[in-house]
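J.: build the 3D model from these lines:
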Amino acid sequence: MRVTGVIQAGGKSTRMGGQPKALLELGGRRIIERVLDAVAPVVDDVLVVTNTPELYQFLGLPMVADAYPDHGSLGGIYTGLAAAGGDVAFTVACDMPFVHPDVVRLVVARASEGDVVVPRVGEQLQTMHAVYGKGCLPHIEGRLRAGQLKIVGFFDQVRVVEIGDAEVARYRAPDVAFMNVNTPEELARARALAAELG
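T.: Residues are numbered from 1 along each chain as shown. Predicted structure coming up:
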């Protein structure tokens, strides 16, 4: 089964004062480079969903613009999955500095078992660190056309495989592995953590 890694870099970074979160430095590298380093070894190819391709040209990756602009993360998931050369897309947010290759592998390894493979931490499904199969496209498109943008909104129409936090914790603490950097405070915390983790 061919897996395309999709990095979602379409957000407006409003809570970060409009500065693209993906390009912030953390531990001597940009966050998006850290994400790419974790994802690339596990998948067959990688693309970036972005409406500002000039910012990410330095990565040397194929880029695709949002098919449904201003339709949030669900629109980004649809865009990446539709553009993916693989049978499935491993979709990840560009602002997750502590994505771990073994946690990515854990999710990708179960891609053939369902239409969506997603880690769960407590009540929270990690929908921006998940595998989506091509069979999800019509269901997602239906939601987008209806303006229903909650990612889990279509999950009752497809086969969903959940990965428990205990499995994730074998490789990295779930609250670290799935941490997002949305605010200056979170960035400061992430920088301290990066120094700790080396």
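
J.: do you know how far the closest residue to Asp44 other than its chain neighbours is from Asp175?
T.: Of all residues not flanking Asp44 in the chain, Arg2 sits nearest, at 5.0 Å (Cβ to Cβ, 6 or more residues apart in numbering). Glycine gets a C-beta too; all of them are placed from N, C-alpha and C. According to Cβ to Cβ, to the nearest Å, Arg2 and Asp175 sit 31 Å apart.

J.: look at Glu186 and report its pLDDT.
T.: Turning to Glu186, the model gives it a pLDDT of 93.

J.: which residues are in contact with it?
T.: Taking Cβ atoms under 8 Å, 6 or more residues apart in numbering, we find Glu186 in contact with 179-180.

J.: what's around the nearest residue to Pro53 once chain neighbours are set aside, how many residues?
T.: Nearest non-adjacent residue to Pro53, counting by Cβ to Cβ, 6+ apart: Met63, 4.4 Å away. For Met63, the count of nearby residues is 19 (other Cβ atoms under 10 Å).

J.: for the residue nearest to Asp44, give me its contacts.
T.: Applying Cβ under 8 Å, 6+ apart, we find Arg2 in contact with 44, 85-88.

J.: how near is the residue nearest to Pro53 to Val49?
T.: Distance, Met63 to Val49, using Cβ to Cβ: 8 Å.

J.: how about the helices in the chain?
T.: 31-39, 72-83, 101-108, 137-145, 165-169, 174-177, 184-197 (DSSP state H).

J.: these: lowest mean pLDDT?
T.: Among the helices of the chain, helix 184-197 scores lowest, with a mean of 92.

J.: so for it, what gets flagged as buried?
T.: Buried residues in helix 184-197, counted by 16 or more other Cβ atoms under 10 Å: 186-187, 190-191, 194.

J.: for that helix, C-alpha coordinates in PDB please.
T.: What follows is helix 184-197 as a C-alpha-only set of coordinates in PDB (Å, rounded to 0.1, in the frame of the first residue of the first chain):
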ATOM      1  CA  PRO A 184       3.800  32.500  21.800                       C
ATOM      2  CA  GLU A 185       3.400  30.800  25.200                       C
ATOM      3  CA  GLU A 186       3.200  27.300  23.600                       C
ATOM      4  CA  LEU A 187       6.300  28.200  21.500                       C
ATOM      5  CA  ALA A 188       8.200  29.100  24.600                       C
ATOM      6  CA  ARG A 189       7.100  25.800  26.300                       C
ATOM      7  CA  ALA A 190       8.100  23.800  23.100                       C
ATOM      8  CA  ARG A 191      11.500  25.500  23.000                       C
ATOM      9  CA  ALA A 192      12.200  24.500  26.600                       C
ATOM     10  CA  LEU A 193      11.000  21.000  25.800                       C
ATOM     11  CA  ALA A 194      13.200  20.800  22.700                       C
ATOM     12  CA  ALA A 195      16.200  21.700  24.800                       C
ATOM     13  CA  GLU A 196      15.300  19.000  27.400                       C
ATOM     14  CA  LEU A 197      14.800  16.300  24.700                       C
END
